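In: Only the shape, not the letters, is given here:
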């Protein structure tokens, strides 16, 4: 029975491989496919393969375009395959190149007409060879290349299904094989546990304890935000955090029985570790974490350390500490994560600049509380000039000179701008009539009273400013708000550190129409993408059509002042025109592409929750 199964899988693989065009044949394939949209005079005039193989005008065009766009190995492989296909589908061979040599000289090819995609109608045959344009070739090649990838993916997912179930069957066969060769059943007459039930309970306790220990490295691995596998897989930290929680639940449930004989140190420490693990679960619930984040963070770290210490001392009685090899990897993962955090903090917040005689540059920051908007605008000037902000990023913010300065708080990057060193704390908005504005340099919630806006000189060194919007709730954010309100102008110059960046941008530029729905300070997730789109439009020529044609933003918040600040200062920057509609919606049209792209802003729910 196994023979037919493996034979079927082998034939399935052969079919899959045969259906995918090899990489070195795709160039010529793209060439003759592109000419399939053009009709040529002469004979044979009908039949795609007959014309492709024996029409001298079309074959000359194929040879000429292959010389222009394909390398020598690609031409050899592609034309050889075309010869095979001609005999397979048309029953004739491909016209040899030697018979058409006089029409393939450099002068002849140089004088050929260059045509664009769909420039020629197939209803009107042409009477001379033509050369497809580079854009025509590129779009055809990308079409074929994408289709081949999709074809390969279809079969790959099919293989994955077989691989999954073959793995399940292999586990079943392995389990049966182990049962035949391993004798580990409870037996009567044991020197340690005469009663069979005592044997079973002891085996269960040991097995659950070892399984719990085995999960420890995974718990710490998925908990760290500087995880190598985050970068390797491209998954988000939220995904890994879900893994972390599930494995923690499993490890706690599998934790062994250590409630008896607490007078023995190893049982006492085992109980400490188990109790700490049990307490970690309810204290990590969303309800508790969202309301008292600082308390959650402190208890989570404290109980995690107590768990590890308890497990170390619980197994210290074993010779050679044979179970510690489960625990030390967890310590190593935690230490590696903390080391990378420290490196990121130093990288973001300190920079040695000996060339300009400035010594070491450190991060500076300023917090401004807007009472009407109930938002803290946090402006951070990183010490490092190497940061490259993009949409989708977030940073962890520290306030080191506090009793709880070790705490870090994540905030989405809402905007960024580049300012001249002479006035890093002032705006660098470009005057509305200046056509050279860089929309990625316009911050949100800027002070509209500053009328001395000026353009940024291209050659002047710039200082990066990161902008975050913080809604004050409890804990550190409320403390920061109180610090701002104690200042006469509600501005606070304070020492902060940033760690990051984390997060990856979503490719919104690959979509023709985009809908963004945000609430409150969640606008920080949307504005960078809008500014990125406007920046892309500014970099394009006026004749180039951007792929993203329109972006529709729906934003709800309690504070009208917050919306007005963002709309007037950032969604309607200098070179873009805001068209006010009769209702509650507005449209932004970039100056470079007013006809081809627009950003709609819906204000209808301005006071909604």
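Out: Received it, and whenever you're ready, just let me know what you need. Not measured: the values here are computed from a predicted model.

In: Give me the helices and strands touching the helix or strand hosting residue 303, please.
Out: Using DSSP states H and E, residue 303 sits in helix 293-314. Applying 3 or more CB pairs under 8 Å, 6 or more residues apart in numbering; DSSP states H and E, we find helix 293-314 packed against helix 196-223, helix 265-283, helix 286-291, helix 324-349. C-beta coordinates here come from the backbone N, C-alpha and C atoms, glycine included.

In: Please point out which parts of that helix sit buried.
Out: Residues of helix 293-314 classed as buried by neighbour count (16 or more other CB atoms under 10 Å): 293, 296-297, 299-300, 303-304, 306-308, 310-314.

In: cool, stretch 110-118 as well?
Out: 112, 115.

In: which other residues reach it?
Out: Stretch 110-118 is contacted by residues 34, 37-38, 61, 64, 128-133, 135-136, 139-140 when judged by CB atoms under 8 Å, 6 or more residues apart in numbering.

In: Just flag the most distant two among those.
Out: Within these, 128 and 139 form the most distant pair, 23.2 Å apart (CB to CB).

In: These two: who's more crowded?
Out: Between residue 128 and residue 139, residue 139 has the larger neighbour count (other CB atoms under 10 Å), namely 16 against 13.

In: Apart from its neighbours in sequence, what residue is nearest the more buried one?
Out: Leaving aside its sequence neighbours, residue 139 sits nearest to residue 117 (CB to CB, 6 or more residues apart in numbering; 6.2 Å).

In: secondary structure class for the one you found?
Out: coil (DSSP: H, G, I helix; E, B strand; the rest coil).

In: On the pLDDT front, check it for me.
Out: Here the pLDDT value assigned to residue 117 is 87.

In: The residue nearest to residue 391 when sequence neighbours are not counted: which element?
Out: For residue 391, ignoring the flanking residues on the chain, the nearest one in space by CB to CB, 6+ apart is residue 528 at 3.7 Å. Here residue 528 sits within helix 527-539, counting by DSSP H and E.

In: Could you pull out the buried residues of that helix?
Out: Those would be 527, 528, 529, 530, 531, 532, 533, 534, 535, 536, 537, 538, for helix 527-539 by 16+ other CB under 10 Å.

In: Next: stretch 278-287.
Out: 279, 280, 284.

In: Tell me the spatial nearest neighbour of the second one, not counting adjacent residues.
Out: The reference is to residue 280. Going by CB to CB, 6+ apart, residue 280 has residue 303 as its nearest residue, at 5.0 Å.

In: what's the distance between the one you found and residue 243?
Out: Noted for residue 303: a distance of 19 Å to residue 243, by CB to CB, to the nearest Å.

In: Ok, residue 86 next?
Out: For residue 86, the distance to residue 243 equals 54 Å [CB to CB].

In: More neighbours: the two, which one.
Out: residue 86 (20 against 16).

In: Helix or strand for the more buried one, just tell me which one.
Out: Using DSSP H and E, residue 86 falls in helix 72-89.

In: can you give me phi and psi for residue 162?
Out: Here is the backbone geometry of residue 162 (degrees, to the nearest 10): phi -60, psi -40.

In: How many residues are close by it?
Out: 14.

In: Ok, residue 221 next?
Out: Quick note: residue 221 (other CB under 10 Å) scores 22 neighbours.

In: tell me the contacts of it?
Out: Per CB under 8 Å, 6+ apart, neighbours of residue 221: 227, 229, 333.

In: So for it, what's the pLDDT?
Out: With respect to pLDDT, residue 221 has a value of 80.

In: What distance do you get for it to residue 550?
Out: For residue 221 relative to residue 550 (CB to CB), the value is 43 Å.

In: How about residue 21?
Out: The value you get for residue 21 to residue 550, if CB to CB is used, is 36 Å.

In: what does residue 120 give?
Out: Applying CB to CB to residue 120 and residue 550 gives a distance of 32 Å.

In: One more: residue 478?
Out: For residue 478, the distance to residue 550 equals 40 Å [CB to CB].

In: With residue 484 instead?
Out: 38 Å.

In: do residue 415 as well
Out: 22 Å.

In: Neighbour count: the two, which is higher?
Out: residue 415 (27 against 15).

In: about what we covered before: nearest to residue 107, out of the helices and strands packed on helix 293-314?
Out: When the helices and strands packed on helix 293-314 are compared by CB to CB, helix 324-349 sits nearest residue 107, at 58.1 Å.

In: can you tell me which residues contact residue 92?
Out: Counting by CB under 8 Å, 6+ apart, residue 92 touches 50, 53, 54, 86.

In: In strands only, show me those.
Out: In strands, judged by DSSP state E, none of the contacts of residue 92 are found.

In: Restricted to helices, list these.
Out: 50, 53, 54, 86 (DSSP state H).

In: Tell me the secondary structure at the residue nearest to the first one when sequence neighbours are not counted.
Out: What that stands for is residue 50. Residue nearest to residue 50 in three dimensions, not counting chain neighbours: residue 44, with 4.1 Å by CB to CB, 6+ apart. Secondary structure assignment for residue 44 (three-state DSSP): coil.
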